[in-house]
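Participant: Sharing a sequence plus its predicted fold:
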Amino acid sequence: MNQAYATLMKKKSNIDFKSGIAMTLGLALAAKYLSHFPFLSIMGQLVIALLLGMGWRALIGIPRQAMTGIRFSSTRLLRYGIILLGMRLNLADIARTGPKVLAIAVVTITFTLLAVYGITKLFKVEKRLGILTACGTAICGAAAVVAISPQIKASDEETAVGAATVAILGTIFTISYTMLYPVLGLSNVGYGIFSGATLHEVAHVIAAASPGGNEAVDVAVIVKLTRVAMLVPVAIIIGVWTNKTQRKEEGKLEKASWRSIPIPWFIFGFLAMSGFNTLGIIPASIANLVVLTAYLLIAMAMSGLGLNVDIRTLRRLGVKPFAAGLIGSLLLSGLGFMLVA
């Protein structure tokens, strides 16, 4: 009798687990479909998936038994997605752009990280949310937020608020760039570098650079992916710094071992996939399929994060980070324009 009951409960648990994953998969596929529409293409699949998850929870709600599968999507599948996303990065293309583009990426990322985090401290934003907002603004939008989140042990709510903040800001700035393109006075290549060096998501960069033609888009994507590559050292540095700060706050004076530092091993997977793509080991058709799979997995994670967030939480936590991100994005755009011009 007990064994039969245990078997029944195990089957029920598996069904509940699968229902949560199915929910995030459905929202991710819907986001992919919606991302083909003109205005929504600016936002991109990941941002739409996050917003769909938040909307679903607010309007319909989620069954408690589905939470295990949803949590699996927002944690485990996220890391798998980030690893596979490395297939998009060709390190040879980045090397060919020369030291100037790399210098622009390093300068803009360092400046934006310090500026946005400093502003969030000034606005008394919670520390973890401030770090996520700074990383999302500086590196690669929502993908950077969810990659850095495990490093600082951020909650699902903080991660979702950080991702939503940089997503909305990126969309606003993308529209602004396309309107300002005729009056900026930059060449197509210069405008592409400017877009790639200062906008948040890859989707934002492609949409904003399109008025400059294919030449601007190609350069913009390379510059943007150079910033994406910087996610690896930034994640490690933040992990080490966060661990050191936490130990100091807890009064632990002994030197930390490497095991205690939250090294993001999935980031090294991301770098390894980039290496495979750079060496040309994997055919282009398969590489493109891997990238599509990566975006699907990350979109499932984003929808899972959205399903974990109450709209009231976004209102409560999101105003100050949004203001800090807005000021930081304006400063980033100004710095990027000066560097390119």
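Facilitator: Received the coordinates, thanks. Residues are numbered from 1 along each chain as shown.
Participant: count of neighbours near the nearest residue to residue 340 once chain neighbours are set aside?
Facilitator: What sits nearest to residue 340 in space, not counting adjacent residues and going by Cβ to Cβ, 6 or more residues apart in numbering, is residue 194, at 4.7 Å. Backbone N, C-alpha and C define where each C-beta goes, glycine included. Residues contacting residue 194 under the criterion other Cβ atoms under 10 Å number 28.
Participant: in which helix or strand would I find residue 194?
Facilitator: helix 188-198 (DSSP states H and E).
Participant: Pull the distance from that helix to the chain's centre.
Facilitator: 20 Å (Cα atoms, centre = their mean, to the nearest Å).
Participant: Give me the average confidence score over that helix.
Facilitator: Average pLDDT, helix 188-198: 90.
Participant: Buried ones in it, by neighbour count?
Facilitator: 188, 190-198 (16 or more other Cβ atoms under 10 Å).
Participant: same check, this time on stretch 89-96
Facilitator: 89-91, 94.
Participant: could those residues be laid out in JSON lines, adding pLDDT?
Facilitator: Listed next are these as JSON lines, based on pLDDT from 0 to 100:
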{"residue": "89", "pLDDT": "76"}
{"residue": "90", "pLDDT": "80"}
{"residue": "91", "pLDDT": "78"}
{"residue": "94", "pLDDT": "73"}
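Participant: Let's have these in JSON lines, adding secondary structure and distance to residue 246.
Facilitator: Output for the buried residues of stretch 89-96, formatted as JSON lines (DSSP: H, G, I helix; E, B strand; the rest coil; distance: Cβ to Cβ, whole Å):
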{"residue": "89", "secondary structure": "coil", "distance to residue 246": "31"}
{"residue": "90", "secondary structure": "coil", "distance to residue 246": "37"}
{"residue": "91", "secondary structure": "helix", "distance to residue 246": "33"}
{"residue": "94", "secondary structure": "helix", "distance to residue 246": "33"}
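Participant: From those residues, pick the one nearest residue 312.
Facilitator: residue 89 (38.1 Å; Cβ to Cβ).
Participant: Isn't that closest one up against residue 276?
Facilitator: No: using Cβ atoms under 8 Å, residue 89 is not in contact with residue 276, being 10.2 Å away.
Participant: ok, now which ones touch the nearest residue to residue 86 once chain neighbours are set aside?
Facilitator: Excluding the flanking residues, the one nearest residue 86 by Cβ to Cβ, 6+ apart is residue 273, at 3.2 Å. Taking Cβ atoms under 8 Å, 6 or more residues apart in numbering as the contact definition, residue 273 lies against 83-87, 89, 290.
Participant: Pick the one among the buried residues of helix 188-198 closest to residue 207.
Facilitator: Among these, and counting by Cβ to Cβ, the member closest to residue 207 is residue 195, at 9.0 Å.
Participant: For residue 223, see how far away the closest one is.
Facilitator: 8 Å (Cβ to Cβ, to the nearest Å).
Participant: shared neighbours of the two, which are they?
Facilitator: residue 205.
Participant: mind listing the strands for the stretch 51-200 of the chain?
Facilitator: For the stretch 51-200 of the chain, no strands are identified by DSSP state E, counting those that start in this stretch.
Participant: Would you mind listing the residues in contact with residue 77?
Facilitator: 24, 297-298, 300-301, 304.
Participant: Pull up the per-residue confidence for it.
Facilitator: For residue 77, pLDDT reads 86.
Participant: Nearest residue to the middle of this protein?
Facilitator: Nearest to the geometric centre of the chain sits residue 143, at 1.4 Å (Cα atoms, centre = their mean).
Participant: What's the separation between it and residue 135?
Facilitator: 10 Å.
Participant: Same check on residue 332?
Facilitator: Distance from residue 332 to residue 135, by Cβ to Cβ: 13 Å.
Participant: Residue 158 now?
Facilitator: For residue 158, the distance to residue 135 - Cβ to Cβ - is 12 Å.
Participant: Just give the nearest non-adjacent residue to residue 210, would you?
Facilitator: Closest residue to residue 210 apart from its sequence neighbours, by Cβ to Cβ, 6+ apart: residue 217 at 6.0 Å.
Participant: how many other residues sit next to that neighbour?
Facilitator: By the criterion of other Cβ under 10 Å, residue 217 has 21 neighbours.
Participant: helix or strand for it, which one?
Facilitator: Under the assignment here (DSSP H and E), residue 217 is part of helix 213-229.
Participant: what's in contact with that helix?
Facilitator: 88-91, 93-94, 97, 101-102, 104-105, 108-109, 138-140, 143, 188-189, 191-193, 195-197, 199, 202, 205-206, 208-210, 212, 274.
Participant: give me every residue that touches the closest residue to residue 314 other than its chain neighbours.
Facilitator: Leaving aside its sequence neighbours, residue 314 sits nearest to residue 161 (Cβ to Cβ, 6+ apart; 5.8 Å). The contact partners of residue 161, taken as Cβ under 8 Å, 6+ apart, are 129, 309, 313-314, 317-318, 321.
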